[in-house]
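Enquirer: Test case, fold it:
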Amino acid sequence: MFLGGVFVNFKEISIGEKITDSLSKRERKGYVVRVEANRKLTIDLRGPANQDFDLYIKHNEEASTLNWDYKRVTTKADEIITIEPTSSGSYYILVYAYRGSGQFSLSTEVPTQDVEIVPSQQIKGILTASKEALYYLIKTKEGQKITLDLNGPLDADFDLYVRYGERPTNINYDYKSYSGSSRESIVIDKAKRGSYFIMVYSYRGSGEFTLSALPLEEAETVELIITSKEKLKTKYGQAELGQIEAKIADYINALGTAGITAKLAYVDDAATLSPYGLSPVASDSPDQIKELIDSLEGKLNPRHILILGGHSIIPFFSLTNPAGFDGDRIVHSDSPYASRDSDYLIPERSLGRLPDAGEGELPFFLSLLSAAASRVRRADKVSFGMTANVWTDASQAVYVPIKNAGEILELSPPVRHGDLPVARLNRKGYFYFNLHGGEDTANWYGQEGSSYPVAFTPENIKDAEVRNAVVCCEACYGANIVDKGVDEALSLKFLAKDAACFVGSTKIAYGPTEPPSTEADLLVLKFFERIKEGLTFGDAFMKAKQDFARECIAARARLDMTEKKTLIEFVLFADPSSKMEEA
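Expert: All right, here's what the predicted structure looks like:
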């Protein structure tokens with residue numbers, strides 16, 4: 001094209017291509033790049049020092065110094081233009097030497113988000129020129145088999161590259177398929193747990209393609225059961241240990257019927273550990289128990305981990321309180337057991353605990369094992385919620401995921417523990433409490449001003465039907481079971497009444513007085529949301545904490561001290577492989 005009497009030939013270039021050229025004084029050179037709609041196009045010009053090169057862009061029409069949609073004109077030879085969102089078509093690029101001469105480089109970039117592929121899905125894409133690439137990802141479990149098929153144009157040569165954990169290139173990859181055609185296939189027989197990133201690359205040519213992922217072959221689902229043989233025997237007696245082991249065997253058989261392979265490991269018993277080449281550890285050392293779990297995970301790849309017994313059987317970690325001097329010197333926590341490394345704030349494992357109670361309360365522990373063996377956790381969709389009056393607005397926001405039309409939060413005050421008839425609690429599938437609690441009391445309390453009435457006690461559920469319910473409590477010490485009997489901790493009382501799941505805090509918890517949800521409110525909200533998705537209790541709890549951390553970090557680029565405490569003090573008392581089934 002002639003621009004002001006000067007012929008400019010617009011040369012086609014590809015996205016991601018970096019070209020090197022040169023200009024004499026007042027010379028113009030043109031390029032054209034094709035882009036899809038709704039993308040972000042960056043055009044980067046790098047010229048010689050002490051010169052003045054300018055950049056002009058026009059969509060679907062040749063650009064000039066008088067005809068442009070975008071321009072970048074400074075006194076230097078380095079210019080950058082970003083267009084977002086793009087329109088589909090061609091962008092014509094004019095590089096003009098306003099002053100001086102010399103060599104320059106020009107590059108174009110269209111960052112693409114990795115599109116997730118799910119099993120049995122077929123995705124369509126288009127590569128508009130040679131050397132272009134599009135990126136995808138697929139999430140896998142340990143040991144799964146992945147089959148990826150690419151089908152592109154007959155007159156082009158598209159290649160397929162795969163890399164675990166990050167995008168591949170045609171130099172750095174874990175798997176590749178290039179045959180000289182556009183029909184490629186990659187099979188990964190035993191995938192790692194995580195994300196595999198996929199690149200579809202045009203070695204030559206352009207056109208549409210399809211990328212499909214065949215249904216993933218499921219790896220064996222394993223649940224690892226951790227407990228202490230010696231501590232169970234010492235606490236309850238040899239004959240009673242036999243009863244416990246019989247219930248555990250029933251539970252393992254029930255898991256097998258459900259397609260889950262259970263592996264029982266006594267931390268202090270060589271017979272259950274020697275098949276894995278491991279030795280017993282000190283049953284009173286959380287650090288050694290975690291190391292053992294880490295080793296067993298490497299050999300068994302468990303999907304879920306279940307701790308059997310309370311603090312006296314498999315101890316909580318006693319972690320330094322991240323919130324400082326709030327009255328809690330340490331925080332009892334299962335978080336390190338749910339982590340694969342020393343950074344235990346954000347869990348990586350589906351882990352739960354079925355606690356026992358006092359020495360004379362063996363029937364409670366046996367009943368928990370029997371309930372777990374039943375596997376069916378079906379309950380009505382209806383809910384019960386109760387909050388301290390002072391936290392009404394904040395609690396309403398948390399109550400939303402489980403609230404049905406016509407259901408209301410009970411406010412304390414005016415409501416006190418004696419005002420709740422059993423019928424108000426019967427056959428509820430979900431319970432939500434945002435009340436006060438204390439380290440040395442089983443009761444939970446309301447608040448209005450300086451009034452703290454008793455709002456809920458173990459007596460409230462003594463005769464209530466709460467079988468298979470999901471219970472979440474934000475009260476301080478709501479899940480404190482250390483040296484507690486069934487009637488001394490509402491968490492244990494709910495489990496004694498066959499509730500399926502209890503989520504609560506072992507120490508002082510934090511929360512807002514009004515929305516938006518933060519701290520304990522946010523964590524419980526995320527757990528309810530995940531449970532409503534149909535996840536297992538263990539997965540829902542793990543992902544709720546991950547969601548919590550992600551939102552907190554997005555808001556402030558870090559976790560503050562109360563958020564860190566929230567993550568470690570909330571525990572899950574449930575079979576992690578079980579889940580809520582709404583009737």
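Enquirer: C-alpha from now on. contacts and neighbour counts both.
Expert: OK.
Enquirer: Contacts for stretch 544-562, please.
Expert: Applying C-alpha atoms under 8 Å, 6 or more residues apart in numbering, the contact partners of stretch 544-562 are 322-324, 346-347, 510, 519, 522-524, 526-527, 530, 563, 567.
Enquirer: Looking at those, which one is closest to residue 414?
Expert: residue 510 (22.9 Å; C-alpha to C-alpha).
Enquirer: where are the low-confidence patches of this protein?
Expert: Under the criterion pLDDT under 70, the flagged ranges of the chain are 1-6, 37-38, 112-113, 215-219.
Enquirer: where exactly do the helices run in it?
Expert: Here the chain has its helices, by DSSP state H, at 229-236, 238-257, 270-273, 286-300, 362-374, 392-399, 422-425, 490-496, 519-532, 537-556, 561-569.
Enquirer: quick one on the thing from earlier: are any of the contacts of stretch 544-562 buried, and which?
Expert: Neighbour counting by 16 or more other C-alpha atoms under 10 Å classes 322-323, 346-347, 510, 519, 522-524, 526-527, 530, 563, 567 among the contacts of stretch 544-562 as buried.
Enquirer: quick one: buried residues of stretch 276-295?
Expert: Residues of stretch 276-295 classed as buried: 280, 281, 283, 284, 286, 287, 289, 290, 292, 293, 294 (neighbour count, 16+ other C-alpha under 10 Å).
Enquirer: Just the CA trace of that stretch, in CSV.
Expert: Included here for stretch 276-295 are C-alpha records, laid out as CSV according to Å, rounded to 0.1, in the frame of the first residue of the first chain:
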residue,chain,number,x,y,z
TYR,A,276,4.8,-51.1,54.6
GLY,A,277,8.4,-51.3,55.8
LEU,A,278,7.6,-49.0,58.7
SER,A,279,8.2,-49.1,62.4
PRO,A,280,6.0,-48.1,65.4
VAL,A,281,6.2,-44.5,66.7
ALA,A,282,5.5,-42.9,70.1
SER,A,283,1.7,-42.7,70.4
ASP,A,284,2.0,-39.6,72.5
SER,A,285,4.0,-37.7,69.9
PRO,A,286,1.9,-35.8,67.3
ASP,A,287,5.1,-35.1,65.3
GLN,A,288,6.0,-38.7,65.0
ILE,A,289,2.5,-39.7,64.1
LYS,A,290,2.4,-37.1,61.4
GLU,A,291,5.7,-38.4,60.0
LEU,A,292,4.2,-41.9,60.0
ILE,A,293,1.1,-40.6,58.2
ASP,A,294,3.4,-38.9,55.6
SER,A,295,5.2,-42.2,55.0
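Enquirer: ok now it, how far from the chain's centre?
Expert: For stretch 276-295, the separation from the chain centroid amounts to 27 Å (computed by C-alpha atoms, centre = their mean, to the nearest Å).
Enquirer: cool, stretch 391-402 as well?
Expert: 23 Å.
Enquirer: returning to that earlier point: now for the buried residues of stretch 276-295, which pair is the farthest apart?
Expert: That would be 284 and 294, which, of the buried residues of stretch 276-295, are the farthest apart (C-alpha to C-alpha) at 17.0 Å.
Enquirer: quick one: contacts for residue 109?
Expert: 15, 16, 17, 41, 42, 43.
Enquirer: what's across from it in the sheet?
Expert: Bridge pairing for residue 109 (DSSP bridges) gives the partners residue 42.
Enquirer: I'd like the distance from it to residue 43, if you could.
Expert: To residue 43, residue 109 is 7 Å away according to C-alpha to C-alpha, to the nearest Å.
Enquirer: Likewise for residue 412?
Expert: According to C-alpha to C-alpha, residue 412 and residue 43 sit 62 Å apart.
Enquirer: Which residue of those two possesses the greater neighbour count?
Expert: Higher neighbour count among residue 412 and residue 43: residue 412, with 27 against 19, using other C-alpha atoms under 10 Å.
Enquirer: can you pull up the bridge partners for the more buried one?
Expert: Beta-bridge partners, per DSSP bridges, of residue 412: residue 388.
Enquirer: now the buried ones among the contacts of stretch 544-562 in JSON lines, with distance to residue 232?
Expert: JSON lines is the format used below for the buried ones among the contacts of stretch 544-562 (distance: C-alpha to C-alpha, whole Å):
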{"residue": "322", "distance to residue 232": "32"}
{"residue": "323", "distance to residue 232": "34"}
{"residue": "346", "distance to residue 232": "30"}
{"residue": "347", "distance to residue 232": "28"}
{"residue": "510", "distance to residue 232": "35"}
{"residue": "519", "distance to residue 232": "36"}
{"residue": "522", "distance to residue 232": "36"}
{"residue": "523", "distance to residue 232": "33"}
{"residue": "524", "distance to residue 232": "32"}
{"residue": "526", "distance to residue 232": "35"}
{"residue": "527", "distance to residue 232": "31"}
{"residue": "530", "distance to residue 232": "34"}
{"residue": "563", "distance to residue 232": "35"}
{"residue": "567", "distance to residue 232": "29"}
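Enquirer: between those, which is nearest residue 186?
Expert: residue 347 (31.9 Å).
Enquirer: Run a quick neighbour tally on residue 50.
Expert: Counted by other C-alpha under 10 Å, the residues lying close to residue 50 total 12.
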